[in-house]
Every structure is written in C-alpha cells, then in structure tokens.
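>>> Turn this into a structure:
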Amino acid sequence: MTDLFAPADRFEPLALDRADVSLLRRFDLGLPDTELLAELVADTPWRAERIVVFGREVAQPRLSCWYGDADAHYAYSGLQLAPLAWTARLADLRRRVEAATGEAYNSVLLNYYRDHRDGMGYHSDDEPELGPAPAIASLSLGERRVFSMKPKGATGPAPVKIPLDSGSLLLMRGPTQRHWLHGLAKLARPCGPRLNLTFRRILRPSARNRAPA
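Residues are numbered from 1 along each chain as shown. Have a look, this model is predicted:
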C-alpha cells in the first residue's frame, strides 16, 4: 500500500510481490498541468488504431500517437509503429522524466482517454523490443483515473488499485512486466479527458534477450 503521508515530491515504493513499482505524486512538468494537457491534446496528430485481440481486429477505445528516436520502432497487438520525431515539448518532458527516474528513454507512447468510455484492458508491456526488465515511466495528465494491477495467472491476490492524479509519475521496472498485468477500466459515470505518456526504451535486437545487470 502507498504511504498517505509520504512526501509528494519523492517516489514512494508500492508493496507488490515480484515487482518494482513506485509513484511520484507531484512531478515537475515545467508548466501547469492544465496548460500542458491542452497543448498536447491540440498539437498531437492522434490516431484511432485497430488492434488484434484474441485473433479478432477491434478498435482501440482511445486515441494514441508514438514519438521517439528514428530507430525506435515498436510492435504490439498487431500494430507496427514508426516513431514521429520528438517535439520540443516532448523532448523536454523526456529530459525531466529521465532526471527523476535515473533511466534513459528513446520513445514515448501518448494515449488520450477522451471520456469515461475510453480505457485499456489488462496487458503487460513485455514485447521483445523492451527487453526482459524494462523501465516504463507513466506520466498522467487530466482526470484522475484508477490504474489497476493484478498478478499473472488464474489465482492470486485481488487487483491493486492505484489512483493516478494529474501530474503524477508511475515507474514500473525490473521484473514487473513478467509477473503483473495492468489496465485502466472504463467508467460508468461521465468524466473529463485524461492523457497518459509512457516513456520506454526500445532495444536493438542484440540487446533484447540480455539479462539485466
């Protein structure tokens, strides 16, 4: 469980078995979160992607966009993503996220949840391009939504619910993706928009199966 009295400007570890997950509740964005949200929503060339789920093609219940270094190509659920070049704003956010987490990232996936009808099903970010122990930094803007995590397998403890406020930064690394699923449920009640930026490092083929140090 999170410590309700932990300083908002420090990462607080979450007690999850076989995982390394921590939360920074107040991340330095460089400008007000409402201003950043409006800017990114307006300036991003959003795409409505179709993905393959259990052998069936379906529309993603959100909009997305992929940015990164020129060689940071990514594939998941039948999608092949070629990165757009970093904007000045996203490059600045990457620098800030790298400084806060002590990790290096060469790409970012933006997901735009327009209202309560948008969400993301349970999954793991365990694609070969990310390597065996990826560090994934998830920055939230806009409406507070609940990020859920549950262990892989048919049995296990109940899902862990993590409310993510605007301006918070969630860091998952180490064995987390091997043992846990995560998702963002749709809501029955109306809510405002939420924007999520997940910073990742796409590995070259020679490094993808290398065990972490």
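
>>> isn't there a helix covering residue 181?
No: Residue 181 is assigned strand when assessed by DSSP: H, G, I helix; E, B strand; the rest coil, not a helix.

>>> Nearest residue to it in space, please, no chain neighbours.
residue 122 (4.2 Å; C-beta to C-beta, 6 or more residues apart in numbering). For glycine as for every other residue, the C-beta is placed from the backbone atoms N, C-alpha and C.

>>> For burial, what's the neighbour tally of that neighbour?
Residues within reach of residue 122, counting by other C-beta atoms under 10 Å, total 15.

>>> ok, now which ones touch it?
Residues near residue 122 by C-beta atoms under 8 Å, 6 or more residues apart in numbering: 148, 150, 181-183.

>>> got any ranges where the chain has weak pLDDT?
The model of the chain has pLDDT under 70 over residues 1-8, 51-56, 58, 76-78, 154, 156, 205-213.

>>> switch to 90 and redo it
1-9, 48-61, 73-82, 153-158, 204-213 (pLDDT under 90).

>>> if you go through it in chain order, where are the helices?
Here the chain has its helices, by DSSP state H, at 33-43, 88-101, 176-179.

>>> do you know how far residue 191 is from residue 41?
Computed with C-beta to C-beta, to the nearest Å, the distance linking residue 191 and residue 41 is 15 Å.

>>> just residue 18 next, same as before
Taking C-beta to C-beta, one finds residue 18 at 36 Å from residue 41.

>>> out of these two, which sits in the busier spot?
Between residue 18 and residue 41, counted using other C-beta under 10 Å, residue 41 has the larger neighbour count: 17 against 12.

>>> Surely the more buried one and residue 192 touch.
No: with contact defined as C-beta atoms under 8 Å, residue 41 and residue 192 do not form a contacting pair (11.3 Å).

>>> Let me know which of the helices of the chain is the nearest to residue 111.
helix 33-43 (11.2 Å; C-beta to C-beta).
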